[in-house]
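1. Sequence below, structure please.
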Amino acid sequence: MRTEISLAFLAAALASACYGQHQVPFDEKFHIPVAPTGLAHRPLPNLPMEFDTGEGMRIRVVAVTRELEYPISLAFLPDGSILIPQRFGQLRIVRNGKLDPAPVQGVPACYGSGESGGPGAIHGLQDIALHPKFAENHLVYLAYTKPLDDKKRVVAVARARWDGHALADTKDVFLTDQPGTSRIAFGADGMLYMVTTGNDPQDPNTLGGKVLRLRDDGTVPPDNPFVGQAGHRPEVYTLGHRSSLGLALHAASGQMWESENGPNGGDEINILKPGANYGWPKVSYGRDYPGPWHVSPPGHVGFEAPVVIWIPAIAVSGMTFYTGDKLPAWKGDLFVGALRTGEIPGTGHIERVLFNQEMQELRRESLLTEFRQRVRDIRQGPDGYLYLITDEKPGALLRIEEAK
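-> Model prediction:
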């Protein structure tokens, strides 16, 4: 009798466990779980604030401005001013620590939509980069969504001359053949690197899901890995990427690093190698949004493996290597923005990754989790401090200093 009761109890418990799971609603258009909002849309607290950190250095976070609207990236001019593109197509400038109330003129016409920045959002302005010889030629590069007509939009790169107040002589130097998201950065070789998204990352004869390598005028360098190969686009430098929101030059090695969003988990940081295939969608450490592994068993066998992964995903965004002296305990570390952790809005932050001499990860630290903000980008300023932007409305430009 006891055995029968025990078996009946176990069966009932298993049935309860099976059918007691949440019935999570899914977005019909994008086939992903509808995100909860219990932690989302929290305003920034009053700043400055101080925090203890894992390496024993106490930091102070200061708000430079809290008047931005969905900022996407930032670039520092030689005089210390900061150019900040916004999602819906405005370019803002911070001079002497204050946001100019008027947008910078001369920006190409672009298309942006989507308040939340989530699925379906289209970024008008997407990134900004200064030419390596900016002090001589004053050239500024913008990645943006270019509307070709009422229905067709593509990612493009425009080049303009900074005249001290506005962009002049703005013109496109490169157009892709599809929409998506992009980041741009100049490498140690003086070439412009550009990441793209798309549905065909394994096809070397398309531009989707690739990192492209271009001259500063948008033409193809003759030493690109696929130049002259039939069935290969000559602009392609690497392939097999999903959704990249960050590029950063590791100055000591001259290597370009890339941050990449996985699906539900499997975010990556990769070191870009000419002609390498990073696997998407054939390999991944992530799960598809309904729950199963995207590839089983997960991994990167046969493809170029990442140097850092996140499971669950943190929605990795912009990143930078810290090389300054104002935050000495962090010198040499990689900093990456996070938009949300574990598919929960309101959990954005930044992460610090420390490597050994062989650039193998030793430890990582989550920072500014208390702010609950979507961190879109983080960069080192010429003053030696770290600056980050929050992809919010209102969005903020924050500075991280060592507390004295």
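2. From here on, just use CA atoms for contacts and neighbour counts.
-> OK.
3. Enumerate every residue touching the closest residue to residue 192 other than its chain neighbours.
-> Setting aside the residues directly before and after it, residue 192 is nearest to residue 186 in space (C-alpha to C-alpha, 6 or more residues apart in numbering), at 4.5 Å. With contact set as C-alpha atoms under 8 Å, 6 or more residues apart in numbering, residue 186 has these partners: 129-132, 192-193, 249.
4. and residue 134, backbone torsions?
-> Main-chain dihedrals, residue 134, degrees, to the nearest 10: phi -60, psi -40.
5. Assign the residue nearest to it when sequence neighbours are not counted to helix, strand or coil.
-> For residue 134, ignoring the flanking residues on the chain, the nearest one in space by C-alpha to C-alpha, 6+ apart is residue 140 at 7.7 Å. Under the three-state scheme (DSSP: H, G, I helix; E, B strand; the rest coil), residue 140 adopts strand.
6. ok, now which ones touch residue 140?
-> 128-131, 134, 159-162.
7. List buried members of the residues you listed by neighbour count.
-> For these, a neighbour count by 16 or more other C-alpha atoms under 10 Å gives the buried set as 128-131, 159-162.
8. Name the residues linked to the residue nearest to residue 134 by a beta bridge.
-> In this entry, residue 140 is beta-bridged to residue 130, residue 160, by DSSP bridges.
9. got a pLDDT number for residue 77?
-> Looking at residue 77, its pLDDT is 98.
10. Provide the count of other residues in contact range of it.
-> Here the number of neighbours of residue 77 (other C-alpha atoms under 10 Å) works out to 19.
11. ok, now which ones touch the spatially closest residue to it that is not a sequence neighbour?
-> Take residue 77 and drop its neighbours on the chain: the residue closest to it by C-alpha to C-alpha, 6+ apart is residue 83, 7.4 Å away. Contacts for residue 83 (C-alpha under 8 Å, 6+ apart) come out as 74-77, 91-94.
12. switch to 10 Å and redo it
-> Residues in contact with residue 83, defined by C-alpha atoms under 10 Å, 6 or more residues apart in numbering, are 73-77, 91-95, 99, 104, 128-129.
13. hang on, the earlier thing: quickly note the distance from the residue nearest to residue 192 to residue 401.
-> 27 Å (C-alpha to C-alpha, to the nearest Å).
14. Equivalent analysis for residue 256, please.
-> 26 Å.
15. how about the strands in the stretch 301-404 of the chain?
-> In the stretch 301-404 of the chain, the strands defined using DSSP state E, counting those that start in this stretch lie at 308-310, 316-321, 334-338, 349-355, 361-367, 375-380, 386-390, 395-402.
16. Show me the one of those that comes nearest residue 282.
-> Nearest to residue 282, of all those, is strand 308-310, at 16.6 Å by C-alpha to C-alpha.
17. what's the next secondary structure element after the lowest-mean-pLDDT helix or strand in the chain?
-> Lowest on mean pLDDT, DSSP states H and E among the helices and strands of the chain sits helix 2-19, with a mean of 49. Following helix 2-19 in sequence order, the next helix or strand is strand 49-51 (DSSP states H and E).
18. After that following strand, which helix or strand is next?
-> strand 59-68.
19. quick one: the residue lying closest to residue 115 once chain neighbours are set aside and residue 352, what's the gap?
-> With sequence-adjacent residues excluded and distances taken as C-alpha to C-alpha, 6+ apart, residue 115 is closest to residue 121, at 7.2 Å. Between residue 121 and residue 352 the computed distance is 27 Å (C-alpha to C-alpha).
20. Who has more neighbours out of the two?
-> Each of residue 121 and residue 352 has its neighbours counted (other C-alpha under 10 Å); residue 352 has more, 20 against 15.
21. So in terms of bridging, what pairs with that one?
-> residue 335, residue 365.
22. so who does it touch?
-> Going by C-alpha under 10 Å, 6+ apart, residue 352 touches 54, 319-322, 330, 333-337, 363-367.
23. Of those, which is the nearest to residue 376?
-> Looking across the contacts of residue 352 and measuring by C-alpha to C-alpha, the closest to residue 376 is residue 337, at 5.9 Å.
24. re the thing from before, of the buried ones among the contacts of residue 140, just say which sits nearest to residue 288.
-> Nearest to residue 288 among the buried ones among the contacts of residue 140, with distances taken as C-alpha to C-alpha, is residue 128, at 31.5 Å.
25. before we move on, back to that, buried members of the contacts of residue 352 into ChimeraX, please.
-> In ChimeraX, this line selects whichever of those come out buried by 16+ other C-alpha under 10 Å:
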select :319,320,321,322,330,333,334,335,336,337,366,367
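26. any idea how far residue 234 is from residue 228?
-> 7 Å.
27. Just want to know which of the two has more residues nearby.
-> Between residue 228 and residue 234, counting by other C-alpha under 10 Å, residue 234 is the more crowded of the two (25 against 12).
28. is it true that residue 227 touches residue 205?
-> No. With contact defined as C-alpha atoms under 10 Å, residue 227 does not reach residue 205; the gap is 11.4 Å.
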